[in-house]
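Participant: coords please:
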Amino acid sequence: MFQSEGRARVIKLFACVGFLACVSVVYAFSSGPLPGFTGAPGEGHCTECHDSFGEETNQGNGFVAIDGPARYEAGERLTVTVSVGQPGAQRWGFQITALTTDTDEPAGQFVITDPLHTQLIQGESGRWYVEHTEAGSFAGQAEGATWTFDWVAPETDVGPVIFYAAGNAANNDGMRLGDWIYTTIASVSPPSYPGVTLLAPNGAEVLGLGQPFTIRWEAVRADEVDILFFPRPGVLPETLASGLPGDRRAFEWTAPAVAAEAARIAVLAFNNAGFGIDESASPFVIADRSASLLRVLEPSEQQVVKGGDILRVTWNAACTLTVVHQQIRLSLDGGRTYPLMLAASLPASARSFDWLVPTNLRTSSARVLVLARTADGQLVADDNDTDFVIDNPAAVRRSPFVVATFMAHRGTAINRLTTNLVRKFLQTFLPVVPSQPTT
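Facilitator: Okay, here's the model as predicted:
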């Protein structure tokens, strides 16, 4: 009797311990996963515990993105941000590590700048990881989450460094099921590689069919420069120029006579050590800007509007156009770029729109643009001819670059994908720096 009773107690004890262990594992992960789940070489990823959608990552319509430096200098301290997003998710997590490309050894040092939401841990392999804390899982928060920390580059040139990150968009039920896992990488060029920064087009421009445009960039340590044109995401680029001298900073380009709603430019710089790349921060548009097809009528003169005012936008479209849908965009820099969407999809029959001016905008160079898509896939656009003023004294004057960067956030995953695609393409087909410039 005693043996039977004791055996039953032992079984119950093991059952309780097992249950508590499972529960503790679930809740421990809400305060940060175990090290080694970023998807880096030799590692698994978070689907080993959050597996209701299979062992493959990136199966949902969410994302994880790394916003960090394009290159590093020895010992330089740089800021890195990780973002995770997923419609309907209610809790968030991430883990990231930095490794050398050649040896997969830890590269640089992480510095925690937000200890409430991020923490630093080390795995048995010696790799270091930054990940979320309990508070940093943002329980109940909708749409997404971001975490920021610093990274100190290696004291010597160790070659390219790759950040590997995994993100968890969870349903906040405290269990392992119903959570979406995403992974991504971001490469950082070393000091010996050339550096390049694309200045224009950097996103949100609306160019005309066949319009001349000056592509501009800055570069350091570059021997040669190539320029690529991506008419839309996911397609191979068209080479606009190859083997340009390393001291060139501009290229005169004529936009194609074909409409494009999400075009980008990439500039690549080469030297004997490697290459650097930068691309448009967000897409730009190529559209037919003939006034005979689409004409913005109002606002038609210089005027001043304030927060709470109604600004009426009116336009005409040629009767030969079969309009499918229309957008209205706002420029804060006199029509150079149109980063703000005032109306994303107006009915085909609409010829006017009343915009409620917000209280957080301020600029002396505002313009509005109407962009229409036709049944045969063409894009036609027009903007008003004169700047108007948005005067909100309490508002900070917003930089168009900041606005464009904000609008480009949701395109970050595609942007990273394009950059990595170009990198892999070049590493495969251009192992040697080109030596013969072409004209």
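Participant: Helices of the stretch 1-150 of the chain, start to end?
Facilitator: In the stretch 1-150 of the chain, the helices defined using DSSP state H, counting those that start in this stretch lie at 2-30.
Participant: hmm, I was thinking of the stretch 301-439 of the chain
Facilitator: 400-407, 412-429.
Participant: Which of these comes out lowest on mean pLDDT?
Facilitator: Of all the helices of the stretch 301-439 of the chain, mean pLDDT reaches its minimum on helix 400-407 (a mean of 34).
Participant: Am I right that residue 240 falls within a strand?
Facilitator: Yes - counting by DSSP: H, G, I helix; E, B strand; the rest coil, residue 240 is found in a strand.
Participant: How about it: what's its closest non-neighbour residue?
Facilitator: residue 227 (4.3 Å; Cβ to Cβ, 6 or more residues apart in numbering). (Glycine included, C-beta is placed from N, CA and C.)
Participant: Same question for residue 389.
Facilitator: Spatially, and ignoring its direct neighbours in sequence, residue 389 is nearest to residue 304 (4.4 Å; Cβ to Cβ, 6+ apart).
Participant: got it, and residue 381?
Facilitator: residue 287 (4.1 Å).
Participant: Can you tell me the element the one you found falls in?
Facilitator: Assigned by DSSP states H and E, residue 287 belongs to strand 284-287.
Participant: How about residues contacting that strand?
Facilitator: 201, 203-209, 211, 255-256, 258-264, 371, 379-381 (Cβ atoms under 8 Å, 6 or more residues apart in numbering).
Participant: again with stretch 320-329
Facilitator: 204, 206, 293-294, 313, 317, 338-350, 353, 355, 368-376, 380.
Participant: Residue 374 touches residue 318, doesn't it?
Facilitator: No - the criterion here is Cβ atoms under 8 Å, and residue 374 misses it with residue 318 at 10.2 Å.
Participant: ok, those two, which is more surrounded?
Facilitator: Between residue 374 and residue 318, counting by other Cβ atoms under 10 Å, residue 374 is the more crowded of the two (19 against 13).
Participant: List the contacts of that one.
Facilitator: Here residue 374 is in contact with 321-324, 380 (Cβ under 8 Å, 6+ apart).
Participant: and those as TSV, adding neighbour count, pLDDT and distance to residue 108?
Facilitator: Putting the contacts of residue 374 into TSV (neighbours: other Cβ atoms under 10 Å; pLDDT from 0 to 100; distance: Cβ to Cβ, whole Å) gives the following:
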residue	neighbour count	pLDDT	distance to residue 108
321	18	90	55
322	12	94	56
323	19	94	53
324	15	94	50
380	23	97	49
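Participant: Can you tell me which of the residues you listed lies closest to residue 118?
Facilitator: When the contacts of residue 374 are ranked by distance to residue 118 (Cβ to Cβ), residue 324 comes first, at 45.5 Å.
Participant: rewinding a little: quick check: the gap between the residue nearest to residue 381 and residue 170.
Facilitator: Counting by Cβ to Cβ, to the nearest Å, the gap from residue 287 to residue 170 is 41 Å.
Participant: which of the contacts of strand 284-287 count as buried?
Facilitator: Neighbour-count burial (16 or more other Cβ atoms under 10 Å) applied to these gives 201, 203-209, 211, 255-256, 259-264, 371, 379-381.
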